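Colleague: Provided below for reference: sequence and predicted model.
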Amino acid sequence: MDKENKIIIIKDGQEVICDIYYSFISDETNKGYVAYSDHSKDENGNENIYMGSFDPTVGYETLENVSDEREIAMFNDVLEKIKENL
C-alpha cells in the first residue's frame, strides 16, 4: 500500500483505508483540504467522496469536518477545475 495516497479513518467504530483523490493547501485559509473515498456507494450507486481539512504543518493525522460554506464552495471550485483539465 502506498501510504502517500491512503488515509485511515474511523467509520462506525472500524478502521477503514481510504484512497486520497486530491489534496491542496489554501493560502486564503492556511488549511489543507483532502478529497478521499472509502469506495462505499450511495443509494444511486455513486461512489461517496468525502472532504476534510487538516493542519498542513501536521498532515492528515487529524482531519476536521468542513462545514463553512465558503470553504465548501472553494473546495468544489478546485474540484471543478480538476474535472475541466481531465
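Modeller: Happy to help now that I have it. Numbering: from 1, shown residues only.

Colleague: Now do the buried residues in the longest strand along the chain.
Modeller: Determined from DSSP state E, the single longest strand within the chain is strand 14-26. In terms of neighbour count (16 or more other CB atoms under 10 Å), strand 14-26 has its buried residues at 18, 21, 23. Bear in mind the C-beta positions are built from the backbone N, C-alpha and C, glycine included.

Colleague: Any idea which helix or strand in the protein has the lowest mean pLDDT?
Modeller: Of all helical and strand segments in the chain, the minimum by mean pLDDT, DSSP states H and E falls on helix 69-84, at a mean of 86.

Colleague: starting at the chain centroid, how far to that helix?
Modeller: The chain centroid and the centroid of helix 69-84 are separated by 12 Å under CA atoms, centre = their mean, to the nearest Å.

Colleague: For that helix, buried residues please.
Modeller: Buried positions in helix 69-84, judged by neighbour count with 16+ other CB under 10 Å: 71, 74-75, 79.

Colleague: got it, and stretch 31-51?
Modeller: Per 16+ other CB under 10 Å, stretch 31-51 contains these buried residues: 31-36, 49-51.

Colleague: From one end of that stretch to the other, what's the distance?
Modeller: From its first residue to its last, stretch 31-51 covers 13 Å (CA to CA, to the nearest Å).

Colleague: Now tabulate the buried residues of helix 69-84 in JSON lines and tack on distance to Asp42.
Modeller: Below are the buried residues of helix 69-84 laid out as JSON lines (distance: CB to CB, whole Å):
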{"residue": "Glu71", "distance to Asp42": "22"}
{"residue": "Met74", "distance to Asp42": "23"}
{"residue": "Phe75", "distance to Asp42": "19"}
{"residue": "Leu79", "distance to Asp42": "17"}
